[in-house]
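J.: Can you look at this prediction? I've put the sequence above it.
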Amino acid sequence: MGSLHQVPGSGAGTTLLAVWAHPDDESYLGAGLMAAVANSGGRVISATAGLGERGTDDPLNNPPHWLASTRRHELEQALETLGADGPVVLGYPDGGCDRVPDRLGARRVGSLIEEFRPDVVLSFGPDGVTGHPDHQAVGRWTALAVAAQDRPPALVTTSAAAVWPDDIVERMHRVDAFFPGYPDDELCAGDVVVTLAGDALATKLAALRSHPSQIGPLVAELGEADYVRLAASEAYRPANIAASAWLSGCLLGVGEVALRLA
Ligand SMILES: [Zn+2]
């Protein structure tokens with residue numbers, strides 16, 4: 001049986017470039033698709049705007065230079081688990097992406113597209129899922145960079161929060177997972193909803209657990225069973241015409257994993 005561990009139509013020869021803001025974004029928001037493309041023989045490259053050096057409630061004991069190094073190591077472990085190359089680190093400060101002019105950020109992402117020539121680019125949509133301004137900025141840069149190409153690759157954005165169970169989202173607010181007013185996402189026609197199971201889910205959980213500096217408060221709030229429920233749900237949106245065709249191709253013959261057009 002097929003599973004999201006392999007995605008027909010996105011196998012050998014396909015290159016996916018994922019563009020995120022911080023270490024762990026890839027594991028929460030894109031792990032299923034990234035691992036599926038890699039397991040199907042494709043190449044996956046993961047880029048991050050920065051290293052999330054301010055991602056702590058205790059900066060005295062986790063100073064930025066130390067946390068940047070720790071999180072880089074965690075990200076390397078996660079990408080190895082997902083079968084992805086990288087990380088490509090763009091070097092922007094944590095919390096500072098929205099102060100970078102969009103045209104400059106887009107130029108950096110555009111240089112990655114020119115270097116790696118991806119068939120598919122995966123990033124945030126305009127909402128940034130959690131409302132984090134870094135996520136929103138990276139989503140804007142990536143959309144601009146893709147649109148500026150003579151032959152734009154498929155652009156797929158994550159709309160994961162749209163499929164996260166309401167009771168879990170409510171408890172995620174208690175650990176400040178979202179900015180005020182978020183998530184505000186809803187599924188749209190053409191969105192692909194993925195429920196990970198089996199090896200695909202195990203791979204995603206292993207990638208998430210590669211980020212011990214980050215996941216503790218959410219695991220404690222949700223408990224193991226609901227943390228797994230959260231991890232199992234992903235949603236992807238085709239953000240240009242090329243992506244609609246590519247995501248539809250992903251649906252062919254996928255087997256027991258629930259994967260459908262909304
Ligand atoms: Zn993030």
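T.: Perfect, thanks for sending it.
J.: need the residues of this structure near the ion, please.
T.: 21-22, 25 (C-beta under 5 Å from the ion). For glycine as for every other residue, the C-beta is placed from the backbone atoms N, C-alpha and C.
J.: would you turn these into TSV with neighbour count?
T.: Output for the residues of the chain next to the ion, formatted as TSV (neighbours: other C-beta atoms under 10 Å):
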residue	neighbour count
21	29
22	25
25	27
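J.: Can you show me the helices along the stretch 101-250 of the chain?
T.: 102-116, 128-131, 133-147, 166-174, 198-208, 212-232, 241-250 (DSSP state H, counting those that start in this stretch).
J.: among the residues of the chain next to the ion, which are in helices?
T.: residue 25 (DSSP state H).
J.: Would you list the phi and psi of residue 46?
T.: Phi and psi for residue 46, reported as degrees, to the nearest 10, are phi -120, psi 130.
J.: If it is in a bridge, with which residues?
T.: For residue 46, the beta-bridge partners are residue 18 (DSSP bridges).
J.: Return the distance of it relative to the ion.
T.: Remark: distance between residue 46 and the ion (C-beta to the ion, to the nearest Å) = 13 Å.
J.: So out of everything in the stretch 151-262 of the chain, what residue is nearest the ion?
T.: Going by C-beta to the ion, the ion is nearest to residue 214 of the stretch 151-262 of the chain, at 9.3 Å.
J.: does that residue really touch residue 55, like I thought?
T.: Yes - counting by C-beta atoms under 8 Å, residue 214 sits close enough to residue 55 to count as a contact (6.2 Å).
J.: Quickly list what's touching both of the two.
T.: Common neighbours of residue 214 and residue 55, using C-beta atoms under 8 Å, 6 or more residues apart in numbering, are residue 71.
J.: where does this structure have its least confident helix or strand?
T.: Ranking every helix and strand in the chain by mean pLDDT, DSSP states H and E puts strand 259-261 at the bottom, with a mean of 42.
J.: who's in contact with residue 113?
T.: Going by C-beta under 8 Å, 6+ apart, residue 113 touches 17, 121, 145-146, 149, 153.
J.: same check, this time on residue 22
T.: Taking C-beta under 8 Å, 6+ apart, one finds 48-52, 55, 71, 94, 134 in contact with residue 22.
J.: Thank you, goodbye.
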